[in-house]
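S.K.: Let's see this in three dimensions:
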Amino acid sequence: MPPPCFDQDLGFGKAVEDFAIKQLVTHEVRQPLNTAQAALQSLAADVAAIGSTGSNVGLKLNNALTVLNAITASISNSILGATLISNSRKAERKLVDICDVSQLAYLDINLSSQSRIDVQFDQAHIYADADPIVLRLALRNLLENAVKYSPADTRIVFKVAIDEDSLSIQFSVTNNIIDLSMLNGDLFARNKRGADSRYGGDGLGLFIVNEVAKMHEGSLRYDIARNDVTFLLKIPA
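M.R.: Residues are numbered from 1 along each chain as shown. From the prediction side, this is the model:
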């Protein structure tokens, strides 16, 4: 029978192997997708600026970008979700412009949905110690959640403000909601939305947002007013 330390070493080796696989997937799969996504975003914006001349090039580009965005978001959520669930992802904070991170999250949304989102910054520049990668993904999930679960012709308000009283930065996303019953239960639990086949999704979106809030010693909650729901993410200023 092998000594007890053998199992411990094997467990450590497995952890190192899992980490290496996640790093490989992150670099070898997500990076090329991000590059292609940025190129398509730029091309789609150029086509929209000059207008299509008797062709549906713009529509085809937007459709391709929509599919690529969905793939990229799913991979990003899966990678971050796996590391959060295994408690192997720690916040890598640095001084960043929160407005820049928020703007990038907005630009991650499909062009066809961006016009629905009203972005409001309390100040032109807001600086804080934060992990820009996971914060951007959390904000993207909040915005995509609002797009997915609201009527297509309704407005979404995305606000970034400083709360002087609580010394925090507040990210709020407000949207009309198709069905209030979807707000029942623990929305922030893992796989909560994945069980709802009407809208699809991997069930990791709001779970990731909540975990990112915890990583920053912040909080996440939602408020309901008539048929509107507001998700409020707060992190220390």
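S.K.: Where do the strands of the chain begin and end?
M.R.: Ranges of strands in the chain, per DSSP state E, are 94-97, 117-121, 127-130, 156-163, 168-176, 219-225, 228-236.
S.K.: is it possible to export the ones you listed to TSV including distance to Asn62?
M.R.: (C-beta placed from N, C-alpha, C; glycine too.) Putting the strands of the chain into TSV (distance: least, C-beta to C-beta, whole Å) gives the following:
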stretch	distance to Asn62
strand 94-97	29
strand 117-121	16
strand 127-130	31
strand 156-163	18
strand 168-176	21
strand 219-225	30
strand 228-236	26
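S.K.: Point out the most buried one among these.
M.R.: Burial of those is given as mean neighbour count (mean count of other C-beta atoms under 10 Å); strand 168-176 ranks first at a mean of 21.
S.K.: which residues sit against it?
M.R.: Outside strand 168-176, the residues that touch it by C-beta atoms under 8 Å, 6 or more residues apart in numbering are 98, 102, 126, 128, 139, 142-143, 145-147, 149-151, 154-163, 218, 227-237.
S.K.: about what we covered before: list just the one of the strands of the chain that sits closest to Gln41.
M.R.: strand 117-121 (15.2 Å; C-beta to C-beta).
S.K.: Which other helices and strands does the closest one contact?
M.R.: Packed against strand 117-121 by the contact rule (3 or more C-beta pairs under 8 Å, 6 or more residues apart in numbering; DSSP states H and E) you find helix 98-107, helix 132-148, strand 156-163.
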